[in-house]
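1. Sequence and predicted structure below; questions after.
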Amino acid sequence: MNNIAYDQELDCKGLNCPLPILKTKKQVDAMEIGQVLKMESTDPGSISDMNAWTKRTGHELISHIEDGGIYTFYVKKT
């Protein structure tokens, strides 16, 4: 089990690209700098999407875990 502390949680399970990344962007935009978002997705494409999005925006992808078809990302707003 992962024990990364997070401030907000976003459930994108069952959504396909580009919805998980769009919802993540909207959520992170509303957060304070330094806060961490936990986002869960079932879309395998969200791995490359999240990597590309965090590189482009400068937000920090703290961790990415894959477990039983669920992809969990921890993103720190910078």
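-> Looks like it came in fine.

2. where exactly do the helices run in this structure?
-> 19-29, 46-57 (DSSP state H).

3. Show me the contact partners of the shortest one.
-> Yep, that's helix 19-29 we're talking about. Identification of contacts with helix 19-29 by C-beta atoms under 8 Å, 6 or more residues apart in numbering yields 8, 10, 12, 15, 37, 39, 41, 43, 46, 49-50, 53, 57, 59, 73, 75, 77. Heads up, the C-betas are built off the backbone N, CA and C, glycines and all.

4. Quick one: mark the members of these that sit in strands.
-> 8, 10, 12, 37, 39, 41, 73, 75 (DSSP state E).

5. Mean pLDDT and distance to residue 3 for the helices of the chain - can I get that in a markdown table?
-> Output for those, formatted as a markdown table (pLDDT from 0 to 100; distance: least, C-beta to C-beta, whole Å):
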| stretch | mean pLDDT | distance to residue 3 |
| --- | --- | --- |
| helix 19-29 | 97 | 21 |
| helix 46-57 | 96 | 20 |
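
6. Comparing these, which comes out most buried?
-> Highest mean neighbour count among the helices of the chain (mean count of other C-beta atoms under 10 Å): helix 19-29, with a mean of 17.

7. Which one, of the helices of the chain, ends up nearest to residue 4?
-> helix 46-57 (14.9 Å; C-beta to C-beta).

8. buried subset of the contacts of helix 19-29?
-> The neighbour count (16 or more other C-beta atoms under 10 Å) marks 10, 12, 15, 37, 39, 41, 43, 46, 49-50, 53, 59, 73, 75, 77 as buried among these.

9. Cool, thanks, signing off.
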